[in-house]
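# here's my sequence, what's the structure:
(2 chains)
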Amino acid sequence: MAKRVTVLLGTKKGAFTLHSDASRRDWSLRGPFCETWPTNHVVADPASGTIYAGGGNEWFGPAVWKSTDFGETWSHSSRGLAYAAGEDSIASVWSLAPHDGRLYAGVQPAGLFASDDDGESWTHVAGLRDHPTRPHWNPGGAGLILHSILPHPSDSKQIFIGISAAGVFHTADGGRTWEPRNSGTRCDYLPEGERYPEFGQCVHSLAMAAGQADRLYQQNHCGMYRSDDGGRHWQSIEAGLPSSFGFPAVAHPRDPATLFLLPLNGDIKGRYVPDGKAAVWRTRDGGEHWEALREGLPQRNAFFGVLRQAMAADGLEPAGVYAGTNTGTLFASADEGANWQSIAHHLPPILSVETLVSDG
Amino acid sequence: MGSVVAVLPPALMRLFPGCEREPLVAADTVAELVDALNERWPGMRDRLCDSTPRLRRHINVFVAGERVGLERRLDPGEEVWIMTAISGG
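Residues are numbered from 1 along each chain as shown, chains lettered A, B, ... in the order given. Down below sits the predicted model:
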């Protein structure tokens, strides 16, 4: 059956969708949705086709929006999406992850919630905030946010999460207890001799290799890493990259050794693409070697960045790759990064990109 | 319990399809008014109040020309204006 591709965008001013067929040559844009709320993450449950959008509004607070008709109509809920009275209130939903009939939401200030009724109501996965390190978690530049949620594909009790700037944590019991998994990732912003703490790392994004759940990739504020043992140990794979700084990390949908990054020039150098020339960097061997993919991307006077959730791949063959800029342009490649075109322009700053491939 | 008139901001109404602009609500305090609105349009409390609990920082409630909090007592027939403050970016 013919396939259709939907690219789901979260932006500073609402959610958008782009639609194409499997050729991925021509695209149509729809939106803005979600009443133009700042929308940090838009995902689709591949099992049901339901689209979820998480965000938070300056006036009305956090919510998860939902559309069961491919974006035609939307509803929202935040029932149960709250800490106990007297604690900090939740400002925004930052990340969403549907898995095995359950929907997870990561929020600011950092915590994890779960919904077993398709986003209608939420339960706090309290074990994470009960972790003894929690009083010492410090916010990153975007606040104390839980921005990465990676459920284990075959063991629903296992979840990896990333918090900026508390680091990576793992649960093996469905969220009751958690363990920091940051060994080998460094904190350049700490004094010499203290740069490899148990927690407190500024993880920027996490990705899980296809078909190899123990292989994780991490773009950190301070370096790029791979783990082959479920995050117990991380090794640097930043040699060959133009910078150790960037936000997104995108795993290939089938090949566990292929990863896409979009390095920026540095944390205090403007956070642009290096030298004003845009490139997606790809490894085919787990980070041993890197190549810059530039064909069709601007090679002069480009002063944009791509934020932590704003790059994604689709599941087609060859895989499509999409990068949304903080200046509102969406670049797309239908051939695993070899050639690029811009398929949306003049959008609000793009905060997240995800994809859905469905039968057309 | 007396009846008061709540005047809702359009941005809030858009979040709750079918919502009235000026619903008549039985309430003796602003907190009770929010409860009553939430009963009629489930989820509206979360849009107006945070979980600490208090009115959200950028939601203003005015009665008789004064900005008030959840504890403000209401007289029958009073108009309670719920407004979105200057905010955003």
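# just the strands in chain B please.
With DSSP state E, the ranges of strands along chain B come out as B:3-7, B:24-26, B:59-63, B:66-68, B:79-84.
# okay if I get those strands as a markdown table plus mean pLDDT?
As requested, the strands of chain B are exported to a markdown table (pLDDT from 0 to 100):
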| stretch | mean pLDDT |
| --- | --- |
| strand B:3-7 | 98 |
| strand B:24-26 | 97 |
| strand B:59-63 | 98 |
| strand B:66-68 | 97 |
| strand B:79-84 | 97 |
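# chain A: which of the ones you listed is closest?
strand B:79-84 (4.8 Å; Cβ to the nearest Cβ). Using the backbone N, CA and C atoms, a C-beta is placed for each residue, glycine as well.
# distance of A:L316 relative to chain B?
36 Å (Cβ to the nearest Cβ, to the nearest Å).
# you'd agree that residue is in a helix?
No: assigned with DSSP: H, G, I helix; E, B strand; the rest coil, A:L316 falls outside any helix and is coil.
# pLDDT wise, what is the residue nearest in space to the middle of chain A at?
Centroid-nearest residue in chain A: A:Q309, 3.3 Å away (criterion: Cα atoms, centre = their mean). At A:Q309, the model reports a pLDDT of 98.
# report the contact partners of it.
A:G10, A:N40, A:H41, A:S95, A:H147, A:S205, A:P248, A:L351, A:S352, A:V353, A:E354 (Cβ atoms under 8 Å, 6 or more residues apart in numbering or on different chains).
# again, only using 10 Å
Neighbour list for A:Q309: A:10, A:40-43, A:94-96, A:147-148, A:204-205, A:247-248, A:324, A:350-354 [criterion: Cβ atoms under 10 Å, 6 or more residues apart in numbering or on different chains].
# same deal with B:S51?
Here B:S51 is in contact with A:61, A:78, A:81-90, B:45 (Cβ under 10 Å, 6+ apart).
# any of those residues buried? List them.
A:G61, A:S78, A:L81, A:A82, A:Y83, A:S89, A:I90, B:R45 (16 or more other Cβ atoms under 10 Å in any protein chain shown).
# from memory the fourth one sits against A:S121, does it?
No: using Cβ atoms under 10 Å, A:A82 and A:S121 do not qualify as a contacting pair, with a distance of 11.3 Å.
# which neighbours do these two have in common?
When contacts are counted by Cβ under 10 Å, 6+ apart, A:A82 and A:S121 have A:F113 as shared neighbours.
# would you map the helices across the chain?
With no chain named, the answer covers chain A. For chain A, applying DSSP state H gives no helices.
# could you do chain B instead?
B:10-13, B:30-40, B:44-48.
# pick the most deeply packed of these.
helix B:44-48 (a mean of 22; mean count of other Cβ atoms under 10 Å in any protein chain shown).
# give me the subset of the contacts of A:Q309 lying in strands.
Applying DSSP E to the contacts of A:Q309, the entries found in strands are A:10, A:40-43, A:94-96, A:147-148, A:204-205, A:247-248, A:324, A:350-354.
# return the residues of chain B in contact with chain A.
B:9, B:11-12, B:14-17, B:42-54, B:56-60, B:83-89 (Cβ under 10 Å from any Cβ of the partner chain).
# are any of the residues you listed buried, and which?
By 16+ other Cβ under 10 Å, the residues of chain B next to chain A give B:9, B:12, B:15-16, B:43-51, B:56, B:58-60, B:83-84 as buried.
# any idea how far B:S3 is from A:F245?
60 Å (Cβ to Cβ, to the nearest Å).
# of the two, who's got more company?
A:F245 (25 against 13; other Cβ atoms under 10 Å in any protein chain shown).
# up against chain B, what does the stretch 1-150 of chain A have?
Counting by Cβ under 10 Å from any Cβ, the residues of the stretch 1-150 of chain A near chain B are A:12-13, A:35-38, A:57-63, A:65, A:73-91, A:120.
# how about low-confidence regions in the chain?
No chain specified, so I'll use chain A. Regions of chain A meeting the criterion pLDDT under 70 are absent.
# farthest-separated two in the buried ones among the contacts of B:S51?
A:Y83 and B:R45 (15.8 Å; Cβ to Cβ).
# A:I159 pairs with what?
Note on A:I159: beta-bridge partners A:P151, A:T171, judged by DSSP bridges.
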